[in-house]
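[1] 3D model of this:
(one chain, ligands or ions: 1)
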Amino acid sequence: MLKTNLELPDLFEIEVPGDKSVSHRSVLFSALAEGTSKISGFLEAEDPLNTMKSFSKLGVDYSKIGPYEYKVTSPGKKKLHSPSDELDFGNGGTGIRLAAGLIAGLPNIRAVLNGDESLRKRPMKRIIDPLRVMGSQIKSFNEKETAPLEIVGRILHSHNKHTAILSSAQVKSCLMLAAISSDVELDYEEPELSRDHTENMLQFLGGNLEKKEGHRFIIKPPFSFKGAHFKVPGDISSAAFFIVLGLLAKKGNLLIKNIGLNPARIGILTVLRNMGGKIIEEDLREECGEITGNLRVYPSILKKTEISKDLIPSIIDEIPILTIAGLFSEGGFKISHAEDLRAKESDRIHSMVHNLKKLKINVEEYKDGYEFSEVQSLEIAMVESFMDHRIAMSFLILNKIINLGLKIDDSSWIETSFPTFHSILARL
Ligand code: S3P
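    Model prediction:
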């Protein structure tokens, strides 16, 4: 097995920045709500800040009032207006897909939604088709149906009922926001539960959501919200990098404070515990409809585990860092049923396999995942980020654990989600 060289202090305490998914949604729901809102714990990273800039072009005022804290003043959804130029969501798939739904349901708004080179490659058909079923006027300018997207908002019709083939929180939230902005009903079912922050925030604002059997729910109008105080917990997807680091340390304990522990997001804890990792949840509480708490992480010996299909939506963003844990696991690592990894900020199956091969790890690629047996050694090489923050951070964590001088071509992508990543790492 690969050897780790990392020693942590007796108690290494960290906080990670606000949850990216919840930060995006706090921008969108505070735009929908009439009056003044406050957002605390907001993730001041490129992706959510781009969503904020986009909605300020629609007439919402976001003023920074303290560290990670914003005062939001919105005229309410009916008085938002067309932007004078293109909306730029940068690298943010969540920003563009959720905003597309919200804008599609607002009559009299016309907007063009765009993003960077990576975002312009990502599939948008998954939202275009169901939005059209609801009567939306949305078009892409190319055959692949990727961004830029032009939307002419209008009152949509109810959708009874949408049965999703893919468990995607972005698609689900896009349709929910379309129904919410048009004040129509949506009956939605997905095969597995994808993150349910939109459902939680809707209910936190007093909206009507009826749970049905399986992973099905119905939301019904009216959706008239007043300003509220949105509290964003720390991001479990960012904490995941340090959880793996803490488990693989030779000694010392890690305490991560104020983390969102939504049951649809903590698949990473389940998998790491199944691998033998000791992680304790403590001080659990509920804030704005989201379970929040602290995590204690102890050095552990890891072994291979089978990752079942139903866990995939809840670990979808953590697979790159889980793979790094797999490099130190007795028996190796295997991921399957994860074809949608190919549609993330990069094709993450290709990005991981390509980089592991550069480190001379004998990895086998599949359509929906990859596999390697127990790793005895690796070679130092230049790793490629593929314009993907999570690929960059995963290999920087590996480098910290083995301490052998691994290099990465471009780590600037980390700014899209975790601006304090380097400073936390540097404290070690
Ligand atoms: C997100 C949903 C997931 C995830 C993304 C954030 C969200 O995407 O990968 O980072 O905030 O709704 P999919 O819905 O495409 O799986």
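[2] C-alpha from now on. contacts and neighbour counts both.
    Fine.
[3] dump the residue contacts of the residue of the stretch 201-350 of the chain found nearest the ligand.
    In the stretch 201-350 of the chain, no residue comes nearer to the ligand than Asp317, which is 5.2 Å away by C-alpha to the nearest ligand atom. Counting by C-alpha atoms under 8 Å, 6 or more residues apart in numbering, Asp317 makes contact with Ser237, Arg390.
[4] Mind telling me what element it is part of?
    Asp317 is part of no helix or strand, with elements assigned from DSSP states H and E.
[5] for Lys334, same thing?
    Using DSSP H and E, Lys334 falls within strand 333-335.
[6] can you list the residues of the stretch 51-200 of the chain near the ligand?
    Proximity of the stretch 51-200 of the chain to the ligand is confined to Thr94, Ser168, Ala169, Gln170, Val171 under the rule C-alpha under 6 Å from any ligand atom.
[7] Could you identify the buried members of the residues you listed?
    Using 16 or more other C-alpha atoms under 10 Å as the burial test, those include Thr94, Ser168, Ala169, Gln170, Val171 as buried.
[8] Taking the residues of the stretch 51-200 of the chain next to the ligand, tell me the two that lie furthest apart.
    Spanning the widest gap among these are Thr94 and Ser168, at 10.6 Å by C-alpha to C-alpha.
[9] which residues are contacting stretch 103-116?
    Outside stretch 103-116, the residues touching it (C-alpha under 8 Å, 6+ apart) are 77-78, 80-83, 85-92, 96, 100, 120, 131, 136-138, 147-156, 177-182.
[10] Looking at those, which are in helices?
    With DSSP state H as the criterion, helices contain Ile96, Ala100, Leu131, Leu177, Ala178, Ala179, Ile180, Ser181, Ser182 from among the contacts of stretch 103-116.
[11] Is there a neighbour count for the fourth one? I'd like the number.
    Taking other C-alpha atoms under 10 Å as the criterion, the count of residues near Leu177 is 27.
[12] do the last one as well
    By other C-alpha under 10 Å, 27 other residues sit near Ser182.
[13] was I right about it contacting Ser136?
    No - counting by C-alpha atoms under 8 Å, Ser136 is not a contact partner of Ser182; they are 10.6 Å apart.
[14] hey, what's in contact with both of these two?
    Overlap between the neighbourhoods of Ser182 and Ser136 consists of Gly105, Arg154, Leu156, taking contacts as C-alpha under 8 Å, 6+ apart.
[15] Where does the closest residue in space to Gly289 that isn't next to it in sequence sit: helix, strand or coil?
    Among residues not flanking Gly289 along the chain, Asn200 sits closest, at 5.3 Å (C-alpha to C-alpha, 6 or more residues apart in numbering). Here Asn200 is recorded as helix under DSSP: H, G, I helix; E, B strand; the rest coil.
[16] So that it lines up with my notes, have the first residue be 55 from now on.
    I'll keep to 55 as the first residue from here, and by that count the last item is Asn254.
[17] Report whether the expected contact of Asn254 with Glu340 is present.
    No - with the criterion set as C-alpha under 8 Å, Asn254 and Glu340 do not qualify as a contacting pair; they are 11.1 Å apart.
[18] These two: which is more packed in?
    When Asn254 is set against Glu340 and neighbours are counted by other C-alpha under 10 Å, the residue ahead is Asn254, at 18 against 12.
[19] Let me see the ranges of the helices in the chain.
    In chain order, the chain shows helices spanning 74-86, 100-110, 147-158, 179-187, 223-236, 251-258, 290-302, 321-328, 366-369, 373-381, 402-412, 443-456, 475-480, with DSSP H as the criterion.
[20] Turn the ones you listed into CSV, including mean pLDDT.
    As requested, those are arranged in CSV below (pLDDT from 0 to 100):
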stretch, mean pLDDT
helix 74-86, 98
helix 100-110, 98
helix 147-158, 98
helix 179-187, 98
helix 223-236, 98
helix 251-258, 98
helix 290-302, 98
helix 321-328, 98
helix 366-369, 98
helix 373-381, 98
helix 402-412, 98
helix 443-456, 97
helix 475-480, 97
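[21] Please tabulate those in TSV, including the columns distance to Lys358.
    Written out in TSV, the entries for these read as follows (distance: least, C-alpha to C-alpha, whole Å):
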stretch	distance to Lys358
helix 74-86	29
helix 100-110	34
helix 147-158	31
helix 179-187	34
helix 223-236	28
helix 251-258	31
helix 290-302	14
helix 321-328	8
helix 366-369	16
helix 373-381	7
helix 402-412	17
helix 443-456	18
helix 475-480	26
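[22] distance of the residue lying farthest from the centre of the chain from the ligand?
    Here the chain has its C-alpha centre computed as a mean, and the residue farthest from that point, by C-alpha atoms, centre = their mean, is Gln430 with 32.4 Å. When C-alpha to the nearest ligand atom, to the nearest Å is applied, the distance between Gln430 and the ligand equals 31 Å.
[23] what's the closest non-adjacent residue to that residue?
    Counting by C-alpha to C-alpha, 6+ apart, the nearest residue to Gln430 once its immediate chain neighbours are dropped is Met55, at 4.7 Å.
[24] Over to Gly130: give its phi and psi.
    For Gly130, the backbone dihedrals (degrees, to the nearest 10) come out as phi 100, psi 160.
[25] Now do the strand holding Lys388: distance to the chain's middle.
    Once both centres are worked out by C-alpha atoms, centre = their mean, to the nearest Å, strand 387-389 turns out to sit 21 Å from its chain's centre.
[26] same question, stretch 446-454
    Distance, stretch centre to chain centre, for stretch 446-454: 19 Å (C-alpha atoms, centre = their mean).
[27] Ok, stretch 97-112 next?
    Relative to the centre of its chain, stretch 97-112 is centred 15 Å away, using C-alpha atoms, centre = their mean.
[28] What are the structural domain limits within the chain?
    In the assignment given by automatic domain parsing, the structural domains of the chain cover 66-71+287-480, 74-285.
[29] quick one on the thing from earlier: just confirm the residue farthest from the centre of the chain contacts Leu56, I think it does.
    Yes - between Gln430 and Leu56 there is a contact at 5.2 Å, judged by C-alpha under 8 Å.
[30] Spell out which residues are contacts of both of Thr148 and Ser222.
    Jointly contacting Thr148 and Ser222 under the rule C-alpha under 8 Å, 6+ apart is no residue at all.
[31] And the closest residue to Ser448 other than its chain neighbours, how close does it get to Thr90?
    Computed as C-alpha to C-alpha, 6+ apart, the closest residue to Ser448 that is not its neighbour in sequence is Ile375, at 5.0 Å. Per C-alpha to C-alpha, to the nearest Å, Ile375 is found 39 Å from Thr90.
[32] Next: Ala397.
    Separation of Ala397 from Thr90 (C-alpha to C-alpha) stands at 36 Å.
[33] Can you pick out the residue with more neighbours from those two?
    Neighbours were counted for Ala397 and for Thr90 using other C-alpha under 10 Å; Thr90 has more, 19 against 15.
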